[in-house]
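J.: curious how this folds, go ahead:
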Amino acid sequence: MKKLQSKSWYPYVVALCIAAVLSIYLLLSKDRLKTDYKELLSALLTEEKLNSVLNYFTRCDYIVNRYLVFSLLDSLIAGAVFAVIFIAVSLVLQVADGYIIKPRLFGNSLGISGLLILLAIVTLGKSFGMGGLPIPLLAFTFFYTAAIYFLLIWFLFWHFDRKNNWE
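T.: All right, here's what the predicted structure looks like:
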């Protein structure tokens, strides 16, 4: 049984590069090629046949140009539509991430309500702009540390007071 061999992509890339270079070269020398072919055809054909062939090529050039222009226009319109759809979907995802998912995740990890985080972010973000967004985190850290400190002091006083009452 014949073993399947994987084909290399290298020849395809080389062929694509050569085709691109040749296309650019032909487009840049289009006017000179037209005049050279017109001279060649005038040397080979009679005046009547030459006019018929030139009219045919002129019509072909017009049709191909219109096809290319309208294809590009169609691509631009379709691309713009897809760009608008992409922007709309991105905005929806950003809003869902910023106002639904992150407050819930932060609320669960910090042990407070996601609604409080959302309200703090929206209120302080509107009041102080981007500088107001770290304020809820700093405030939570401050109050959390203060609460632990006061609970520790309360426990120590309670413990020592209780210990003193037992003696």
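J.: show the subsequent helix or strand relative to the lengthiest helix in the chain.
T.: Secondary structure of the chain per DSSP state H: the longest helix is helix 47-96. With elements assigned by DSSP states H and E, the helix or strand that comes after helix 47-96 is helix 102-110.
J.: what does the average pLDDT come to for that following helix?
T.: Averaging pLDDT along helix 102-110 gives 82.
J.: so for Ile87, what's the pLDDT?
T.: 91.
J.: report how many residues lie close to it.
T.: Neighbours of Ile87 under the rule other CB atoms under 10 Å: 10. C-beta coordinates here come from the backbone N, C-alpha and C atoms, glycine included.
J.: can you check Ile117 too?
T.: The tally of other residues near Ile117 (other CB under 10 Å) stands at 20.
J.: give the contact list for the residue lying closest to it once chain neighbours are set aside.
T.: Spatial nearest neighbour of Ile117, chain neighbours left out: Pro103 (4.4 Å); criterion: CB to CB, 6 or more residues apart in numbering. Going by CB atoms under 8 Å, 6 or more residues apart in numbering, Pro103 touches Gly114, Leu115, Ile117, Leu118, Ile121.
J.: quick one: the residue sitting nearest the centre point of the chain and Val92, what's the gap?
T.: For the chain, the residue nearest the mean C-alpha position is Phe86 (8.1 Å; CA atoms, centre = their mean). To Val92, Phe86 is 11 Å away according to CB to CB, to the nearest Å.
J.: again, but for Asp36
T.: As judged by CB to CB, Asp36 and Val92 stand 57 Å apart.
J.: repeat for Trp154
T.: In this view, Trp154 and Val92 are 48 Å apart by CB to CB.
J.: now the helix or strand harbouring Leu124: how far from the chain's centre is it?
T.: Under the criterion of DSSP H and E, Leu124 resides in helix 114-128. Taking CA atoms, centre = their mean, to the nearest Å, the mean C-alpha location of helix 114-128 is offset from the chain mean by 28 Å.
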